[in-house]
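Enquirer: build me a structure from this.
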Amino acid sequence: METSLRAVPGLEPMLSIDELSAYLDVPVRTLYDWRLTGRGPRAVHVGRALRYLVCDVRAWVEAQREEPPGEPE
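Expert: Numbering: from 1, shown residues only. Just a heads-up that it's a prediction; the model follows:
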């Protein structure tokens, strides 16, 4: 996956829904469904488009990690 993340001083990079779909290897439709049910990463409206802050995606991915077997939760 090649994204066009350009560093803008002071601003967090954002992913489009297509870029996030490719990164997570899930269909765009799944991302829309997760968003409606509150299960996916937080999104930002930029005009009519959805964007995902990279820091929010990182936090969401970290929250999805399972505990190793036998570890207390």
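Enquirer: where does Ser21 fall, secondary structure wise?
Expert: helix 17-24 (DSSP states H and E).
Enquirer: longest strand in this structure, please.
Expert: strand 49-53 (DSSP state E).
Enquirer: please name the bridge partners of the residue lying closest to Val44 once chain neighbours are set aside.
Expert: Once flanking residues are discounted, Val44 sits nearest to Arg51: 4.9 Å by C-beta to C-beta, 6 or more residues apart in numbering. Where C-beta positions appear, they are placed from N, C-alpha and C, glycine not excepted. Beta-bridge partners for Arg51, by DSSP bridges, are Ser16, Val44.
Enquirer: pretty sure Arg51 is touching Leu15, no?
Expert: Yes - using C-beta atoms under 8 Å, Arg51 is in contact with Leu15, at 6.7 Å.
Enquirer: the two: which is more packed in?
Expert: Each of Arg51 and Leu15 has its neighbours counted (other C-beta atoms under 10 Å); Leu15 has more, 22 against 17.
Enquirer: Leu20: neighbour count?
Expert: Based on other C-beta under 10 Å, the number of other residues close to Leu20 is 22.
Enquirer: same question for Gly10.
Expert: Using other C-beta under 10 Å, Gly10 is surrounded by 5 other residues.
Enquirer: again with Pro13
Expert: Residues lying near Pro13 (other C-beta under 10 Å) number 16.
Enquirer: tell me how far the residue positioned nearest the centre of the chain lies from Pro27.
Expert: Centroid-nearest residue in the chain: Val57, 3.5 Å away (criterion: C-alpha atoms, centre = their mean). From Val57 across to Pro27, the span is 17 Å (C-beta to C-beta, to the nearest Å).
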